[in-house]
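Colleague: dropping the sequence and predicted coords here.
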Amino acid sequence: MTKFLYVYHSPPLPADAPEPTPAEMEAAMKPWFDWRERVGAGMVDFGTPTAGGVRVSPDGTKPSQLQVTGYSIIEAPDLDAAIALTDGHPHLAWPGGEIEVHEAQAIPGM
């Protein structure tokens, strides 16, 4: 099996967005937990939302220009299978939601 990194992109929530209630959070997370169950043993790291982001280069740091809103790591036989697992993914139901799928390359000798 090969590991794949899902990078989630979507517009950020407005800074003044109200905090969800526990019931709202539970309802919002249910499709994610259902997706995790569908992935099953292939789920390596369910991931977490991300915020902010700093771009680091030899010239220093500056805010990231990418809207990376989270990640997951899965295992699948190949890229096509990893892409197939995005079918019905809850992130794609979010306005502006997109998922990048990247194959984790093996490092020789490790």
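Modeller: Okay, I see it.

Colleague: just the helices in the chain please.
Modeller: Ranges of helices within the chain are 22-39, 79-84, based on DSSP state H.

Colleague: with mean pLDDT, mean neighbour count and distance to residue 52 as new columns, can those be given to me in CSV?
Modeller: Bear in mind the C-beta positions are built from the backbone N, C-alpha and C, glycine included. Shown next, in CSV, are those (pLDDT from 0 to 100; neighbours: other CB atoms under 10 Å; distance: least, CB to CB, whole Å):
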stretch, mean pLDDT, mean neighbour count, distance to residue 52
helix 22-39, 95, 12, 21
helix 79-84, 97, 14, 27
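
Colleague: quick one, strands of the protein?
Modeller: For the chain, the strands defined by DSSP state E occupy 2-9, 43-49, 54-57, 60-63, 68-76, 98-103.

Colleague: which one of these lies closest to residue 32?
Modeller: Evaluated over those, closeness to residue 32 peaks at strand 43-49, with 8.0 Å, by CB to CB.

Colleague: list the contacts of the closest one.
Modeller: With contacts defined as CB atoms under 8 Å, 6 or more residues apart in numbering, strand 43-49 is touched by 3, 6, 8, 32, 36, 69-75.

Colleague: from these, which two are the most distant?
Modeller: Greatest spacing in the contacts of strand 43-49, by CB to CB: 69 and 75 (22.4 Å).

Colleague: rewinding a little: adding distance to residue 98, write the helices of the chain out as a markdown table.
Modeller: Below are those laid out as a markdown table (distance: least, CB to CB, whole Å):
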| stretch | distance to residue 98 |
| --- | --- |
| helix 22-39 | 16 |
| helix 79-84 | 13 |
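
Colleague: right, so of the ones you listed, which gets closest to residue 91?
Modeller: helix 22-39 (8.2 Å).

Colleague: could you list every helix and strand that that closest one packs against?
Modeller: Under the contact criterion of 3 or more CB pairs under 8 Å, 6 or more residues apart in numbering; DSSP states H and E, helix 22-39 touches strand 43-49.
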